[in-house]
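> Need a 3D model of the sequence below.
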Amino acid sequence: MDIILALIPISFILLITATSIFLWAMKSGQYDDLEGPAHRILHDDDDPAHKAAVKNNKDASSPDD
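Predicted coordinates:
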């Protein structure tokens, strides 16, 4: 019975610690973009065709004056 009296406060401390770490991660933006880095690694920035496609996309999306 004595062990239950020790384990209950320890479990509450662990729960509060885990919740605070999770909330800190949410506030600091750890879960903002999960897909971006996975897709970004597939593109070769040194590839001339890739650079031309990126430039064309930027030119097409910019408003005409």
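
> which strands and helices sit next to the top helix by length along the chain?
Counting by DSSP state H, the longest helix found in the chain is helix 2-27. The contact analysis (3 or more CB pairs under 8 Å, 6 or more residues apart in numbering; DSSP states H and E) places helix 2-27 against no helix or strand. Where C-beta positions appear, they are placed from N, C-alpha and C, glycine not excepted.

> per-residue confidence averaged over that helix?
For helix 2-27, the mean pLDDT works out to 95.

> Starting from it, tell me the next helix or strand along the chain.
Later in the chain than helix 2-27, the nearest helix or strand by DSSP states H and E is helix 36-40.

> What's the mean pLDDT across stretch 35-48?
72.

> hang on, the earlier thing: measure how far the longest helix of the chain is from the centre of its chain, please.
Offset of helix 2-27 from its chain centre (CA atoms, centre = their mean, to the nearest Å): 24 Å.

> which helices and strands sit right next to the helix or strand harbouring Val54?
Taking DSSP H and E as the definition, one finds Val54 inside helix 48-61. Applying 3+ CB pairs under 8 Å, 6+ apart, we find helix 48-61 packed against no helix or strand.

> residue contacts, the residue most central in space within the chain?
With distances taken as CA atoms, centre = their mean, Tyr31 lies nearest the centre of the chain, 3.3 Å away. Contact analysis of Tyr31 by CB atoms under 8 Å, 6 or more residues apart in numbering lists Ala25.
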